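Colleague: From the sequence below, what's the structure:
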Amino acid sequence: MTQHSLTLIVLAGGLGSRFGGNKQIAEIPGLGCTIMELSIQDAVKAGVSQAVIIINKKIRAEFEATILPRLPESLEVILVEQAISAVPNGYEHLAAERQKPWGTGHALLCAKPYVNNPAIVITADDYYGESSFAILSEHFKQHSNWAMVGYPIKDTLSAQGGVNRGVCSVNSQLHLTDVVEYLDIKLENNVLKGNNPHGERLQIADDALGSMSFWGITPCLFNDLETGFTEFLENTDNGVTKEYYLPNEIQLAIKDNRQAITVYNAQEPWYGVTYKAELDAIAHTLCQLRRKLNDQTLASSCKK
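Modeller: Okay, here's the model as predicted:
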């Protein structure tokens, strides 16, 4: 296995049920590329030399034909299929009944054989901003603990419907103390609310940060995920439909004092696509942003 200083792991194995199709490979109108490609470009600028992309088998052919040729030639790209059948021995009966992927925790676990160095974990359909990659790249030059870039949840809502977010709590040392996955988050009578893991609909603080699946991890997390996924399959009363979420495993690492996770505040807005109508809505903004970045790069090159 080639040694890299920093890897990008892209979680692109979801089915995009609310989007109504494979949103991971949906091109941004006016840019001729996907959100994932913009993130990969930003990651390469920050020093990433390997990308491990977790996909579902339905998009492999189109990905290899259209997206793969557009990625930077200097980047080692590994495509990994998140297979429902990829479960520990003894749990094949659950896989046989499963209809959708096992969740973000399982998706990240699929990258284990290919990563032996610090990595940035993102989702394919979220645009995080160039500076966020630079932040975590600098973090790993100085530190060995995990990290994340957090975004204000109130700024990540969708006009099309509820969203799912990992709601974070941070202490005075800027370390993550708690992360809980809330579902169907939206404003109700100007109050931010979402469903907690117990199905209770609760208010969420106006200044709460969301993880947005922008994590800085080290390979030791994979061992935690292996153990956690087995426990999920063993203990979940309905493993056929419930999902194994990455934030839950992050939470356990915090609770057991195995990791101090540094939290950085995002310096740029987050843009994401949950529903198809949002793709057109954010296209103009992303086009303007990329033109601005390209102009800055050209100006910097001219000065040199």
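Colleague: Name the surrounding residues that touch stretch 57-74.
Modeller: Applying Cβ atoms under 8 Å, 6 or more residues apart in numbering, the contact partners of stretch 57-74 are 12, 22, 24-25, 33-34, 36-37, 40-41, 44, 49, 51, 53, 55, 77, 79, 81, 83. Where C-beta positions appear, they are placed from N, C-alpha and C, glycine not excepted.
Colleague: Tell me which residues of that stretch come out buried.
Modeller: Of the residues in stretch 57-74, Ile59, Phe63, Ile67, Leu71 count as buried by neighbour count, 16 or more other Cβ atoms under 10 Å.
Colleague: Stretch 118-134 now?
Modeller: Neighbour counts over stretch 118-134 (16+ other Cβ under 10 Å) mark 118-130, 132-134 as buried.
Colleague: just stretch 255-272 next, same as before
Modeller: Residues Gln259, Ala260, Ile261, Thr262, Val263, Tyr264, Ala266, Trp270, Tyr271, Gly272 are the ones in stretch 255-272 that count as buried (16+ other Cβ under 10 Å).
Colleague: and the closest residue to Trp270 other than its chain neighbours, bridged to which residues?
Modeller: Nearest residue to Trp270, sequence neighbours excluded (Cβ to Cβ, 6 or more residues apart in numbering): Tyr151, at 4.4 Å. Tyr151 has these beta-bridge partners by DSSP bridges: Gly210.
Colleague: okay, Tyr151: pLDDT?
Modeller: Tyr151 is assigned 96 on the pLDDT scale.
Colleague: Just the CA trace of stretch 27-44, in PDB.
Modeller: Listed next in PDB are the C-alpha coordinates belonging to stretch 27-44 (Å, rounded to 0.1, in the frame of the first residue of the first chain):
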ATOM      1  CA  GLU A  27     -23.700  17.700 -12.600                       C
ATOM      2  CA  ILE A  28     -24.000  21.300 -11.500                       C
ATOM      3  CA  PRO A  29     -25.700  23.300 -14.200                       C
ATOM      4  CA  GLY A  30     -23.100  25.800 -15.700                       C
ATOM      5  CA  LEU A  31     -20.000  24.100 -14.300                       C
ATOM      6  CA  GLY A  32     -20.100  20.700 -16.100                       C
ATOM      7  CA  CYS A  33     -18.900  18.800 -13.000                       C
ATOM      8  CA  THR A  34     -20.300  17.400  -9.800                       C
ATOM      9  CA  ILE A  35     -20.100  18.900  -6.300                       C
ATOM     10  CA  MET A  36     -17.800  16.000  -5.400                       C
ATOM     11  CA  GLU A  37     -15.300  17.100  -8.100                       C
ATOM     12  CA  LEU A  38     -15.200  20.600  -6.600                       C
ATOM     13  CA  SER A  39     -14.400  19.100  -3.200                       C
ATOM     14  CA  ILE A  40     -11.700  16.900  -4.700                       C
ATOM     15  CA  GLN A  41     -10.100  19.900  -6.400                       C
ATOM     16  CA  ASP A  42     -10.100  21.800  -3.100                       C
ATOM     17  CA  ALA A  43      -8.600  18.700  -1.300                       C
ATOM     18  CA  VAL A  44      -5.800  18.400  -3.800                       C
END
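Colleague: Pull the residues that contact it.
Modeller: Taking Cβ under 8 Å, 6+ apart as the rule, stretch 27-44 contacts 8, 10, 12, 24-26, 48, 51, 53, 67, 70-72, 74-75, 120, 122, 124-130, 132-133, 271-273, 279-280, 282-284, 286-287, 290.
Colleague: partners of the longest strand along the chain in the sheet?
Modeller: Looking across the chain with DSSP state E, the single longest strand is strand 176-188. Strands that pair with strand 176-188, judged by DSSP bridges, come out as strand 163-170 (antiparallel), strand 191-195 (antiparallel).
Colleague: So which of these is nearest Gln3?
Modeller: Closest to Gln3 of these is strand 163-170 (Cβ to Cβ; 30.4 Å).
Colleague: can you dump the C-alpha coordinates of the closest one into PDB?
Modeller: Provided in PDB are the C-alpha atoms of strand 163-170 (Å, rounded to 0.1, in the frame of the first residue of the first chain):
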ATOM      1  CA  VAL A 163     -32.500  17.600   6.800                       C
ATOM      2  CA  ASN A 164     -30.400  15.200   8.900                       C
ATOM      3  CA  ARG A 165     -27.500  16.500  10.900                       C
ATOM      4  CA  GLY A 166     -25.100  15.500  13.600                       C
ATOM      5  CA  VAL A 167     -25.700  18.100  16.300                       C
ATOM      6  CA  CYS A 168     -22.500  19.000  18.200                       C
ATOM      7  CA  SER A 169     -21.600  20.300  21.700                       C
ATOM      8  CA  VAL A 170     -18.200  21.900  22.200                       C
END
